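*Asks:* predicted model and sequence below, questions to follow.
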Amino acid sequence: MTAGAVWRIVLLVVLSGSALLFWLYTDYQRFLHTPLPVQAEGEWFQIQRGASLYAIATDLEQRGLLTRRYYLIALA
């Protein structure tokens with residue numbers, strides 16, 4: 001493999017990684033600034049004693065109130 005080919009592969013990996021990080025950053029920012037889709041009359045959510053944050057986020061995601069549970073965990 002020539003030096004030029006190696007640099008092209010390195011450049012491709014760096015650009016792909018940068019694009020992925022940019023997408024992840026913009027998606028996380030959208031998550032931060034978008035309110036939860038709660039109905040006008042409200043929503044009741046009871047947290048069981050001893051429940052982990054992962055369990056709470058998973059339950060919220062299953063109810064359709066949260067789109068990305070890992071973002072909530074990262075925010076905590």
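*Replies:* Yep, it's here. The model shown is predicted, which means the values in this text are computed figures rather than measured ones.

*Asks:* compute the number of surrounding residues for Arg68.
*Replies:* Applying other CB atoms under 10 Å, we find 14 residues neighbouring Arg68. (Each C-beta comes from the backbone N, C-alpha and C, glycine too.)

*Asks:* measure it to Ala57 for me?
*Replies:* Distance, Arg68 to Ala57, using CB to CB, to the nearest Å: 9 Å.

*Asks:* where along this protein do the helices fall?
*Replies:* Assigned by DSSP state H, the chain shows helices spanning 3-33, 53-62, 69-75.

*Asks:* so what does the shortest one touch, helix or strand wise?
*Replies:* Using 3 or more CB pairs under 8 Å, 6 or more residues apart in numbering; DSSP states H and E as the contact test, the elements touching helix 69-75 are helix 3-33, helix 53-62.

*Asks:* out of the ones you listed, deepest packed?
*Replies:* Among the helices and strands packed on helix 69-75, helix 53-62 has the highest mean neighbour count (mean count of other CB atoms under 10 Å), at a mean of 15.
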